[in-house]
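>>> can't give you the sequence, but here's the structure:
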């Protein structure tokens, strides 16, 4: 024997990035059973091997010593390690007791959009089969819930109409409330490619973002005045007779409502801050383009007018016939890796997988049969949404199961979240790291990261991308789907005897017509398929609404929509408007990106952007720590003095604990229950003793 | 006696292998022999992944698994040199035989100069490379220009100036020139590349110049080092490889093909560099394009020149952390540190998420530096310009500070 090191076992495992909804493919490098890097997967049709700062480093947190490795049970105020048997017995017993005593509305199930489809599906199935409850929701609620609601009302399907790459077939790209370069960098790449091809780009954003810099026209407007601006654009298109009369006639209804409404919006500069000449220019350019696409993001959705904002974009696209072919459409850039999929899987309070409505008796009957339940046992009521569940903690919700979410940091009004979670009798948190939310748990279950399990993520372009297991979970941690299988056994449930995520996918496929054709073999290919894909020989549907809309009557619907101001606007006491967003270097509550060395080096703590004039007036220097206060709480970020935001406007990223969400407002969009994360009123103070 | 400079037609004596491999299977057989005879501990080669557009690096210690690596994949655009540094301990602890394209080989020399790989432990079996095509570009090209479903193609090759595909129901070739004029074809760095025959590897292998009855059934091998000579001789002596002298006309043809490739590369260099403009116009273009940078660091991760643990781009006094757009200093640092040694492997461009033509910018500077100072990177162990200029001072500083950052010129 020699002491010479032996040649390592090395392999590449292709998988899907765990971060945003673009769904880039990458290679995890596995050396002797441990991750040691990420390498480009050039064969990917989505990103061709290219990655953003987060994707490049997505392996780093996996083997962190901070990983949860054993189930924990809180006993006399402290967490003690427990066996899986003990922990799951307790979870099963408590959930069952609570449900028996207080009924199905006393439970809340929260599913993360970070987790694979198979796990989203099995968790909602467990909630519905075991406890007959519809109190199951996912965090799309606080990002693209209004897209699902709004696009469903306008077009009959709540998903993006065209793929990311399709912007290259466009004659004009209208970016509205999307900072794609930072939030969806590899979709941002398509915008950069489009620019190189000479395709004009108009970016509408209150901030001068890296994406706005890429555009050839940047329009700054006052935060949250989208509807007034959209109505005005449409007014001028109709006034000049440039709307697509044939498309409107043949494929839509409700045009008269829209026309009547927008007549009031000829001049909107007093609301939006955009001069009428500029509005006219956008109107004429959008109407003149043969094929124009609208790409939008949370700037549109995270407001109490979210659903109406989305419908306004639906209106605009249909007004000029920009639906149903290459180079057009209305595309929400979905935030999380599986935010599309979590909704598709029915982790939603009113639909089963494939958006089959719980309120329809024939749907309930079908699912009862498929899931082996007695007739009439599935509930028809609309369950509580994500943040509604938080507000209902204590009454009527007594026990909650939070799967891979960190509400204490990511939901609006952190103080309210903390107070609410304290009111629960029983809380289960299943995660890979100890989060701020674990403090409020009674049982903490250690799950697996994206690199430790098989499954699929569905990206924002409705493409079903494979997630492949590269390494084992640490210690006693288990693949999350397996935890639900074990829990189902404890609960004595039938129909949960799954041996692999592929079997769960097939269970889902059987009850989901829009995904029935997406077999495991087909989705294993680099191209995979875009749903809808109803049969095994169906090619999939990259572009929606080609011949007719997905609605029952096949028509698109115009809505006349009135502009409404946000729930809380700046006033004498709280004179600044705070907008929130994301940074390219971090992902949500940083449990993962905070553990990547370079990302933490780039941005280790929260900052706020403040306009140069405001900073001068308040004698705030760049880099100085300042205090922000809203009616709900306060936070003390570092000031970045910049003209990227307008006077009177502040911007903070949402990633840091006791940060932006100490300030944000819980007021809800009445249609989608989206809280107003992007707009609240704050005041700014120098900290005593600050420079 | 086999010696440096010798040329052969060579083929495997293993009939099965000859069937699976291309051009007589000599390369696969040599790798297998190196492994079986324990001349090396492992082979690093490329195998087919999801389909023929998907090239995957494979570290092989079991000779039986070498069959997976037979045949060529023109969509294999990865650089193996950095892989050796990152994942195989720079070949410091074990001996590796690997197939290398020109850029792989040049990258290895540059890493070796910086003591990041140990060339003594690396046996380089060079393969002629006329350039590679990015997988998705290849698929688009086949669908859009050839009118063929890329999933139906079972073989692709570049031969006699054409990109040729074989598919269910036929074969088709289109001139590379025509494809490239229309934005398809080889990567832009490959078009400018002038290292087509890897004479600085241990063996330079390929199909150029194999004519007569051995056409398609043998590999042309030029012996480039003593190590290469020994391997070929031992494999021949062991009866695993058969060789014969190449037909003189074949040798001529091989030189002609190589010459034609250089001409084409010169044409593309002229085209690409002229498009960049000169002086202020060039600088302006570079500033504008690099302003899209999102700091993914892929250019640095994949670069065969970059190795510093303490990278200057990650010093807050040089490049402010956490802000976009990235300060131009980020790219100036790259240019200053890399340009004299750039081997035009294209990785910094191919992996850039914001479509910045990094490789073009760097290569354009490298050729100017080469004109000025005569330093040619990637073909031997001679040190780059900056190392020569500052060597003594730098060595003193390194010794004094224990730093591993060689080109600390911004302090």
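Thanks, I have the structure now. From a predicted model like this one, the values you see are computed outputs, not experimental measurements. Numbers count the residues shown, from 1 in each chain, chains lettered A, B, ... in the order given.
>>> Buried residues, stretch A:478-494. List them.
In terms of neighbour count (16 or more other C-beta atoms under 10 Å in any protein chain shown), stretch A:478-494 has its buried residues at A:478-488, A:490-491, A:493. All C-beta spots, glycine's among them, are computed from the backbone N, C-alpha and C.
>>> meant to ask about stretch A:90-102
Neighbour-count burial for stretch A:90-102, with 16+ other C-beta under 10 Å as criterion, is recorded at A:90-92, A:94-96, A:98-99, A:102.
>>> Residue A:374: which element?
Remark: residue A:374 resides in no helix or strand, with elements defined by DSSP states H and E.
>>> can you count the residues close to it?
If you count neighbours by other C-beta atoms under 10 Å in any protein chain shown, residue A:374 ends up with 7.
>>> For residue A:629, which non-adjacent residue is closest in space?
When the adjacent residues along the chain are set aside, residue A:629 lies closest to residue A:683, with 5.2 Å between them (C-beta to C-beta, 6 or more residues apart in numbering or on different chains).
>>> Quick check, the one you found in contact with residue A:570.
No: counting by C-beta atoms under 8 Å, residue A:683 sits too far from residue A:570 to count as a contact (9.2 Å).
>>> Report the set of residues contacting both of the two.
Residues touching both residue A:683 and residue A:570 (C-beta atoms under 8 Å, 6 or more residues apart in numbering or on different chains) are residue A:576.
>>> What is the neighbour count of the one residue in the stretch 51-200 of chain B that gets nearest to chain A?
When you check the stretch 51-200 of chain B against chain A by C-beta to the nearest C-beta, the closest residue turns out to be residue B:54, at 4.0 Å. Burial of residue B:54 is recorded as 19 neighbouring residues (other C-beta under 10 Å).
>>> swap in residue A:441?
Residues near residue A:441, counting by other C-beta under 10 Å, number 24.
>>> Show the pLDDT at the residue nearest to it when sequence neighbours are not counted.
Nearest in space to residue A:441, with sequence neighbours left out and distances taken as C-beta to C-beta, 6+ apart, is residue A:429 at 4.2 Å. Per-residue confidence (pLDDT) for residue A:429: 98.
>>> contacting residues around residue A:429?
For residue A:429, the set of contacting residues under the criterion of C-beta under 8 Å, 6+ apart consists of A:402, A:435, A:437-438, A:440-441, A:443-445.
>>> Let's see that with 7 Å instead.
A:402, A:437-438, A:441, A:444 (C-beta atoms under 7 Å, 6 or more residues apart in numbering or on different chains).
>>> what comes up buried for the helix or strand hosting residue B:30?
Taking DSSP H and E as the definition, one finds residue B:30 inside helix B:26-36. Within helix B:26-36, the residues scored as buried using 16+ other C-beta under 10 Å are B:26-35.
>>> that older thread, what's around the residue nearest to residue A:629, how many residues?
Around residue A:683 sit 17 other residues, with neighbours defined as other C-beta under 10 Å.
>>> Likewise for residue A:193?
Neighbours around residue A:193, by other C-beta under 10 Å: 15.
>>> The residue of the stretch 301-450 of chain A found nearest chain B - nearest residue in space that isn't next to it in sequence?
For the stretch 301-450 of chain A, the residue positioned closest to chain B under C-beta to the nearest C-beta is residue A:326, at a distance of 13.7 Å. The shortest distance from residue A:326 to any residue other than its chain neighbours is 4.2 Å, reached at residue A:169 (C-beta to C-beta, 6+ apart).
>>> if I pick that neighbour, what's in contact with it?
Applying C-beta under 7 Å, 6+ apart, the residues contacting residue A:169 are A:291, A:326-327.
>>> Phi first, then psi, for it.
Residue A:169 adopts backbone torsions of phi -100, psi 10, taken as degrees, to the nearest 10.
>>> just the one 10 residues further on next, same as before
Dihedral angles phi and psi of residue A:179 (degrees, to the nearest 10) take the values phi -110, psi 70.
>>> Ok, residue A:15 next?
Here the main-chain torsion angles of residue A:15 (degrees, to the nearest 10) amount to phi -150, psi -180.
>>> now residue A:395
Backbone geometry at residue A:395, expressed as degrees, to the nearest 10, gives phi -150, psi 110.
>>> Near residue A:231, how many other residues are there?
Look at residue A:231: counted by other C-beta under 10 Å, it has 28 neighbours.
>>> correct me, but it touches residue A:259?
No: between residue A:231 and residue A:259 there is no contact, the gap being 10.7 Å when judged by C-beta atoms under 7 Å.
>>> In the chain, where is pLDDT below threshold?
Going with chain A. Of all residues in chain A, those with pLDDT under 70 make up the ranges A:1-4, A:689-691.
>>> Hmm, no, I was thinking of chain B.
Per-residue confidence of chain B (counting by pLDDT under 70) places the weak regions at B:386-391, B:404-411.
>>> In which helix or strand does the residue of it positioned farthest from its centre reside?
When each C-alpha in chain B is compared with the mean C-alpha position (C-alpha atoms, centre = their mean), residue B:400 comes out farthest, at 36.7 Å. Using DSSP H and E, the element containing residue B:400 is helix B:385-401.
>>> Surely the residue of the stretch 301-450 of chain A closest to chain B touches residue A:165?
No: applying C-beta under 7 Å as the test, residue A:326 and residue A:165 come out as separate, 9.9 Å apart.
>>> Which residues of the stretch 451-600 of chain A lie near chain B?
Contacts of the stretch 451-600 of chain A with chain B, taken as C-beta under 7 Å from any C-beta of the partner chain, map to A:525-526, A:584-585, A:598.
>>> re earlier: ok, the buried residues of stretch A:90-102 vs residue B:332, which is closest?
Using C-beta to C-beta, residue A:91 is the member of the buried residues of stretch A:90-102 that sits closest to residue B:332, with 56.9 Å.
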